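> Predicted model, plus sequence, below.
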Amino acid sequence: METLNGSRRSVETALIERCWKDPEFKRQVVSDPKGMFERHTGKKLPANTNIFIHEEDANTLHFSIPPSPSNVAELSDADLEKVAGGTDLFVATMLSALVTVLGTAAGAELGGSSPPW
């Protein structure tokens, strides 16, 4: 499972970076995420696999809650941390996004365009 999570994070990071740099690639990913994944990895996904792309802006945050492991009652805290994977990165990203949103809102309230700090 850790290998899959590690691979998933690598794919997500590469996908985001390329979308930021290549608007045409981003358009194709948004319009056909499963097809783009299959073309770029050379692997066919099962027919029942769905991929959803959500594009955030400064005022929107998307959270994804993965399915819980079947043996969640038997896992230690350390095991749960491994399964959750990326929690530290997720928290840092969310805090950064929240600071940006709050800074933008504070700047607007104060009549400025940048955060007061």
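Nice, thanks for sending it over. Numbering: from 1, shown residues only.
> which residue ranges form the helices in the chain?
Chain-ordered helices for the chain, with DSSP state H as the definition, fall at 2-21, 23-31, 33-41, 77-84, 87-109.
> Which one of the ones you listed has the poorest average confidence?
Lowest mean pLDDT within those: helix 87-109, a mean of 56.
> Tell me how far residue 29 lies from residue 17.
The gap separating residue 29 from residue 17 is 12 Å, by CB to CB, to the nearest Å. Yep, even glycine has a C-beta here, placed from its N, CA and C like the rest.
> Also residue 35?
As judged by CB to CB, residue 35 and residue 17 stand 20 Å apart.
> More neighbours: which of those two?
residue 35 (13 against 10; other CB atoms under 10 Å).
> The more buried one: what's it in contact with?
For residue 35, no residue meets the contact criterion (CB atoms under 8 Å, 6 or more residues apart in numbering).
> Just give me the neighbour total for the closest residue to residue 55 other than its chain neighbours.
Taking CB to CB, 6 or more residues apart in numbering, and ignoring the residues beside it in sequence, residue 55 has residue 30 as its nearest neighbour in space, at 6.8 Å. By the criterion of other CB under 10 Å, residue 30 has 13 neighbours.
> I'd assumed residue 53 was in contact with residue 30.
Yes. The criterion here is CB atoms under 8 Å, and residue 30 meets it with residue 53 at 5.3 Å.
> could you dump stretch 34-53 to PDB, C-alpha only?
The C-alpha trace of stretch 34-53 is given here as PDB (Å, rounded to 0.1, in the frame of the first residue of the first chain):
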ATOM      1  CA  LYS A  34      -8.500   9.000 -17.400                       C
ATOM      2  CA  GLY A  35      -7.500   9.100 -21.000                       C
ATOM      3  CA  MET A  36      -4.600  11.400 -20.300                       C
ATOM      4  CA  PHE A  37      -3.400   9.200 -17.400                       C
ATOM      5  CA  GLU A  38      -3.500   6.200 -19.600                       C
ATOM      6  CA  ARG A  39      -1.700   7.900 -22.500                       C
ATOM      7  CA  HIS A  40       1.100   9.300 -20.300                       C
ATOM      8  CA  THR A  41       1.600   6.200 -18.200                       C
ATOM      9  CA  GLY A  42       1.100   3.600 -20.900                       C
ATOM     10  CA  LYS A  43      -1.200   1.700 -18.600                       C
ATOM     11  CA  LYS A  44      -4.800   0.900 -19.100                       C
ATOM     12  CA  LEU A  45      -7.000   1.500 -16.000                       C
ATOM     13  CA  PRO A  46      -9.800  -0.800 -15.100                       C
ATOM     14  CA  ALA A  47     -13.200   0.200 -16.700                       C
ATOM     15  CA  ASN A  48     -14.700   0.900 -13.300                       C
ATOM     16  CA  THR A  49     -11.900   3.300 -12.300                       C
ATOM     17  CA  ASN A  50     -12.900   7.000 -12.300                       C
ATOM     18  CA  ILE A  51     -10.700  10.000 -12.100                       C
ATOM     19  CA  PHE A  52     -12.000  13.400 -11.100                       C
ATOM     20  CA  ILE A  53     -10.100  16.700 -11.500                       C
END
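> Perfect, I'm done here.
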